[in-house]
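Engineer: Turn this into a structure:
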Amino acid sequence: MSDLNLLEQALDEVAAGKRIAYLGPEVSALSGGDWPATPERLCALIEAQVRAPRRATGNLWSVAQFVESRKFRATLNAIVNAAFDAASGNANPIHDWLAHIRPPMVVDTWYDDGLLQAFGGGNWGLVQGVSRNGEWIDLFTRSYDAAGTEVEAPDPAWETLIYKPHGLGKTGSSFLMSDSDYVEVLTEIDIQRPIPEEVQKRRTGLPFLFLGCRFDDQMLRTFARQIAKRSGTGHIAVMPGSLTRMEGRFLNEMNMKRLDMPLKTVKDALTISQT
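Structural biologist: Predicted coordinates:
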């Protein structure tokens, strides 16, 4: 089977609820909005407002930690929220397709709300990672219905559960970004405690389709590995261009089939499937 046929089959499986879409920041970039669409661009935006030491430069999580430690969390929140409160831009073909097919679960790892806007109303809900900075309660996530009302836990009756493990960079919301945000999460994630039970149920037996992701950072690999834990086999990743050594090792470890093609190919495949 050719890579294009394999992609089309994987998209059909997502639509049928037999595979889970796992979205990286490059999917959000398809919207063409004003927000930073890569970790590098977000890091540069933060550094343009708060000068970070050379040892942290270029590393989003280290720069966020520096700002939080030296300028307080409120400064980091203000910078990130201002970036992602910006207009979302044009329609996003992958977001719109997912909103149309309403699969049982979508994992969205970037900080924008483009996918939520595409879904609009209906029987779906959001689970997002939250920072414990300033919190005294034992929580890793918060849950919301389609109207944005906080609920105690994800509803098994939701047609779609949108899982944003790193949170949401919007005013009034919360996100994980600094090293200290991730300390307790990474301590507990191997035993799955930060991952909601409903997410664990919905991933059972299903492989993932990774779109717009890179795995060139340990943090990104750890989250992908743990979110996909105890799921199905036969993961597929659309990842164009050269891989780093660690990306190659990670794909081998996950027994993940890599499709060396740009996201435009995914967009074109969706157009074909909808005609």
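Engineer: Can you give me the buried ones in the host helix or strand of Ser62?
Structural biologist: Per DSSP states H and E, Ser62 falls inside helix 60-71. For helix 60-71, the neighbour count (16 or more other CB atoms under 10 Å) marks Leu60, Trp61, Ser62, Val63, Ala64, Gln65, Phe66, Val67, Glu68 as buried. The C-beta positions use only the backbone N, C-alpha and C, and glycine is treated the same way.
Engineer: can you pull the contacts of the fourth one?
Structural biologist: So the one you mean is Val63. Contact analysis of Val63 by CB atoms under 8 Å, 6 or more residues apart in numbering lists Cys43, Ile46, Glu47, Val50, Ala52, Ala56, Thr57.
Engineer: same thing but at 6 Å, please
Structural biologist: By CB atoms under 6 Å, 6 or more residues apart in numbering, the contact list for Val63 reads Cys43, Ile46, Glu47, Ala52, Ala56.
Engineer: again, but for the third one
Structural biologist: By CB under 6 Å, 6+ apart, Ser62 lies in contact with Ala56.
Engineer: how many other residues sit next to Ser173?
Structural biologist: 20 (other CB atoms under 10 Å).
Engineer: how much space between Lys170 and Tyr22?
Structural biologist: Lys170 sits 21 Å away from Tyr22, going by CB to CB, to the nearest Å.
Engineer: Compare these two and say which is more crowded by neighbours.
Structural biologist: Taking neighbours as other CB under 10 Å, Lys170 and Tyr22 compare with Tyr22 leading, 26 against 17.
Engineer: what's the strand or helix carrying that one in contact with?
Structural biologist: If you go by DSSP H and E, Tyr22 is part of strand 20-23. For strand 20-23, contacts defined as CB under 6 Å, 6+ apart pick out Val14, Met105, Val106, Val107, Asp108, Leu206, Phe208, Leu209, Phe210, Leu211, Gly212.
Engineer: In helices only, show me those residues.
Structural biologist: Residues of the contacts of strand 20-23 located in helices (DSSP state H): Val14.
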